[in-house]
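Asker: Need coordinates for the following:
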Amino acid sequence: MVGLRERKKQRTRRALIESALQLFDEKGFEKTTLAEIAAGAEVSTRTFFSYFASKEDVVFYDTHERMELAKSMLARGEPGKSPADLLASLIDNILAWMSAQEDLTFEDAELRLRLVLTEPTLQARALTLLFDTQLALAQTLHETYADELSLIEAAAAVGALFGSVKLAVIANLENNRSLEEIWDTVRRAADIALAGMRSLG
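Answerer: Numbering: from 1, shown residues only. Sure, this is the predicted structure:
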């Protein structure tokens, strides 16, 4: 059971996220100040830094947790599943986890994706996070299937999967699709990418 103090921290964190995303949408990422974000959440700037190190961290607030979830799932593996099947399950689990997060509404997720596509600072941060995440997942996948996959094969599999998903999401955003449709696109892109990986085992 979550205690009163923890619930208060969760509410403050959520308020900071909502304040930041609203301001980013209204004013733009670069023109929004930390003081404005804190004021919108009715907390001090000092309190902001208790939750986030920077404005960028607010946009990518769940990235680390998602990566740890993915690494944990790949490290455990599933008896009888091929690398491609495990990666397919990984995508399903990540989408299910994201859908269940109280911090993440459909509108927030869509806004975050659009911010990353239009703000150069966020594009650079997203690219760094993407490379770091893919390398970590490739190494974990290789370790789980050491007898079946070389590190190069694992890297190719992870890169193909996440590259397909990323480009499919971007294409759908440019067509003004809803987040529900984007989720379907992620699954379809993953299916297409993984169809070419079945030979990996």
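
Asker: In contact with the residue nearest to the spatial centre of the chain, which residues are there?
Answerer: Here the mean C-alpha position of the chain is nearest to the C-alpha of residue 63 (CA atoms, centre = their mean), at a distance of 4.7 Å. Going by CB atoms under 8 Å, 6 or more residues apart in numbering, residue 63 touches 129, 133. C-beta: built from backbone N, CA, C; applies to glycine.

Asker: Ends of stretch 54-74, what's the gap?
Answerer: By CA to CA, to the nearest Å, the extent of stretch 54-74 from end to end equals 30 Å.

Asker: Look up phi and psi at the residue nearest to the centre of the chain.
Answerer: phi -60, psi -50 (degrees, to the nearest 10).

Asker: how much space between it and residue 191?
Answerer: Distance of residue 63 to residue 191, given as CB to CB, to the nearest Å: 24 Å.

Asker: do residue 45 as well
Answerer: Going from residue 45 to residue 191 by CB to CB gives 46 Å.

Asker: How about residue 52?
Answerer: Relative to residue 191, and taking CB to CB, residue 52 is found at 35 Å.

Asker: Only C-alpha atoms, please: export the helix or strand of the chain with the lowest mean pLDDT in PDB.
Answerer: Least confident helix or strand of the chain, by mean pLDDT, DSSP states H and E, is helix 106-118 with a mean of 81. C-alpha atoms of helix 106-118 as PDB (Å, rounded to 0.1, in the frame of the first residue of the first chain):
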ATOM      1  CA  PHE A 106      -2.900   9.600 -24.700                       C
ATOM      2  CA  GLU A 107      -2.700  13.400 -25.100                       C
ATOM      3  CA  ASP A 108       0.500  13.700 -23.200                       C
ATOM      4  CA  ALA A 109       2.200  10.900 -25.200                       C
ATOM      5  CA  GLU A 110       1.100  12.400 -28.500                       C
ATOM      6  CA  LEU A 111       2.400  15.800 -27.400                       C
ATOM      7  CA  ARG A 112       5.700  14.400 -26.300                       C
ATOM      8  CA  LEU A 113       6.200  12.700 -29.600                       C
ATOM      9  CA  ARG A 114       5.500  15.900 -31.500                       C
ATOM     10  CA  LEU A 115       7.900  17.800 -29.300                       C
ATOM     11  CA  VAL A 116      10.700  15.400 -30.000                       C
ATOM     12  CA  LEU A 117      10.100  15.700 -33.700                       C
ATOM     13  CA  THR A 118      10.000  19.500 -33.700                       C
END
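
Asker: what about the residue lying farthest from the centre of the chain, which SS state?
Answerer: No residue in the chain sits farther from the centre than residue 147, which is 29.5 Å out by CA atoms, centre = their mean. For residue 147, the secondary structure call by DSSP: H, G, I helix; E, B strand; the rest coil comes out as coil.

Asker: just use 755 as the starting number from now, easier for me
Answerer: OK, 755 is where the count begins now, so the last one is residue 901.

Asker: Backbone dihedrals for it, please?
Answerer: When read as degrees, to the nearest 10, the backbone of residue 901 gives phi -80, psi -10.

Asker: Roughly how far does it sit from residue 879?
Answerer: Going from residue 901 to residue 879 by CB to CB gives 36 Å.
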